[in-house]
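In: got a predicted model here, sequence first, then my questions.
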Amino acid sequence: AASHIDICDMKKTNFENAKILHVSGITAALSKSSQEACFWAIEKAQQCKMKVTFDPNIRRNLWKSEEEMRSVLNRIAFRSEIILPGIAEGKILTKKERVEDIADFYLEKGVQVVVIKLGALGAYYKTSDGVGAYVKGFSVSRVIDTIGAGDAFASGFLSGILENLSIHDSVVRGNAMGAIIVTSKTDNHDLPTKLELEEYLEHVRLLA
C-alpha cells in the first residue's frame, strides 16, 4: 500500500505542528511516487523548521541496482540533519570502513549529527562541531529476535531529541530501547512507555 503514496498525500499532511520528520529509506525504494513524496516532505519539513532525521533501512531487493540505491539514499542523507545508519549500511553507502570515516563522510556534506548503530556493541556518534564518542550497548541475558532493533533504537533516540536531551543521552536511550526489543518475540509489542524506559535505565545504573 505504501508504494502508492505520492506528493498529493503529503500535501494533505499537516506539518505545521510537528517537530521531526523521520524518513525511512524503505519508503524511497518502494516506487517512483513514494520516492518523490519523500523528497517533497523533506523540503516541506525544512520550510517548517522541522528536524529531518533519516534511517537508510537498506533493502537491496527493492532497488534496481546498488548504484541507484546509494545515489538516492545519500541524496536523502545529505538533506537530513540527523542520520542513523547501521554500521553495515554506512560501509555500503560511503565505501568507508571505519566508523569515524563514515561519520566524517556525511558531516562534510552538511549533516549535523551522525549516529552509527553497532548492534550489541552500542553506537558511535559524531556531531558537526567535532564531538564524537562510542556509547556502550546494554547486555541482555537472552536475544530472542533482532528484528525491529534499529527502529526501537530510533524511537528511543528521537524521544531524547524531542525532550532536548544531549546527543549522548539520546543515544543511551536508543541503546536501551534496542536491548529491550531484542528480548521480545515481536518487533513492537514490548516497547516500553517512557516511565518503563526510565525504570529500566535506573535498574541498569544500579547494577553497574
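Out: Perfect, thanks for sending it. Numbers count the residues shown, from 1 in each chain.
In: those helices in the protein, which residues are they?
Out: 7-11, 25-30, 32-47, 66-78, 87-94, 99-107, 149-162, 167-181, 194-207 (DSSP state H).
In: looking at these, spot the one closest to A18.
Out: helix 32-47 (7.6 Å; CB to CB). All C-beta spots, glycine's among them, are computed from the backbone N, C-alpha and C.
In: what about L162, how many residues close to it?
Out: L162: 12 surrounding residues under other CB atoms under 10 Å.
In: ok so, going back, mind putting the helices of the chain into TSV with mean pLDDT and distance to F138?
Out: Converted to TSV, these look like this (pLDDT from 0 to 100; distance: least, CB to CB, whole Å):
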stretch	mean pLDDT	distance to F138
helix 7-11	96	37
helix 25-30	97	26
helix 32-47	97	32
helix 66-78	98	27
helix 87-94	98	17
helix 99-107	98	19
helix 149-162	95	11
helix 167-181	95	4
helix 194-207	88	6
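In: need these in JSON lines (columns: distance to N17).
Out: Below are these laid out as JSON lines (distance: least, CB to CB, whole Å):
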{"stretch": "helix 7-11", "distance to N17": "16"}
{"stretch": "helix 25-30", "distance to N17": "22"}
{"stretch": "helix 32-47", "distance to N17": "12"}
{"stretch": "helix 66-78", "distance to N17": "23"}
{"stretch": "helix 87-94", "distance to N17": "31"}
{"stretch": "helix 99-107", "distance to N17": "29"}
{"stretch": "helix 149-162", "distance to N17": "13"}
{"stretch": "helix 167-181", "distance to N17": "22"}
{"stretch": "helix 194-207", "distance to N17": "20"}
